[in-house]
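Novice: just need the structure, nothing else, for what follows:
(chains A and B)
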Amino acid sequence: ETGVTQTPRHLVMGMTNKKSLKCEQHLGHNAMYWYKQSAKKPLELMFVYNFKEQTENNSVPSRFSPECPNSSHLFLHLHTLQPEDSALYLCASSPESGRKGTDTQYFGPGTRLTVL
Amino acid sequence: GENVEQHPSTLSVQEGDSAVIKCTYSDSASNYFPWYKQELGKRPQLIIDIRSNVGEKKDQRIAVTLNKTAKHFSLHITETQPEDSAVYFCAASRGGSNYKLTFGKGTLLTVNP
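Specialist: Okay, the predicted model is just below:
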């Protein structure tokens, strides 16, 4: 349960606020991911980082800005969000991205974001 | 890109019965198919996965079958218990140089005691 941690667990923000979500993994993995989980929709991949380099941006609006200072930490900076951005934001990690047999992903508990 | 369809969206069974959840995928190059279980308010957790070089994999009461020709895979839970109640997600990926997991919409399984 402590392999991938996320803070805060809950966040309420106004549309003009700036906030950041944090993810940390203690599994020695080299790939980290941000997902958005909305009600009645599939998990949506947002960003992928592999060895600190961003390798995927799944057409995410610029009001979401990721940062990966090292292989253990991943941030998602939020600014001028919209109410429809309210969702559960999940972080995940895997041993390595793009290498066969190492793509099993382990999820954090998520941050429940509400945009007013 | 890959498209994963998952059925049913909700499934209710009696304790002790079996439950089957089915997924179809569109990308014939997909070769990695994990299943995740997400209990209410908790993180998705990997429960079983299968790669395209096998047709079936079992882990105690859970099994996954894969039919690459038909491009579908299924999760089978036998002797269901109330603690099996959760949302189950299937996913598909090409693996290798393409690591993107495409998820199904999920199945809410309720096991009634």
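
Novice: quick check, pLDDT for the closest residue to residue B:102 other than its chain neighbours.
Specialist: Distances taken as C-beta to C-beta, 6 or more residues apart in numbering or on different chains place residue B:2 nearest to residue B:102, at 4.1 Å, with adjacent residues excluded. C-betas here are computed from N, CA, C, even on glycine. Looking at residue B:2, its pLDDT is 85.

Novice: what distance do you get for residue B:2 to residue A:70?
Specialist: Using C-beta to C-beta, to the nearest Å, one gets 30 Å for the distance from residue B:2 to residue A:70.

Novice: do the same with residue A:79
Specialist: Residue A:79 is 23 Å from residue A:70, where distance means C-beta to C-beta.

Novice: so which residues of chain A form strands?
Specialist: A:4-7, A:10-13, A:18-25, A:31-37, A:44-50, A:53-57, A:64-70, A:73-79, A:87-94, A:106-107, A:111-115 (DSSP state E).

Novice: my bad, chain B
Specialist: Assigned by DSSP E, chain B shows strands spanning B:4-7, B:10-14, B:19-25, B:32-38, B:45-51, B:56-59, B:62-67, B:72-77, B:86-92, B:102-103, B:107-112.

Novice: does the lowest-mean-pLDDT helix or strand in chain A reach chain B?
Specialist: Taking mean pLDDT, DSSP states H and E as the measure, chain A has strand A:53-57 as its least confident helix or strand, at a mean of 85. Yes. Judged by C-beta under 8 Å from any C-beta of the partner chain, strand A:53-57 comes into contact with chain B at residue A:56.

Novice: for stretch A:46-59, how far is the first residue from the last?
Specialist: Using C-alpha to C-alpha, to the nearest Å, one end of stretch A:46-59 lies 8 Å from the other.
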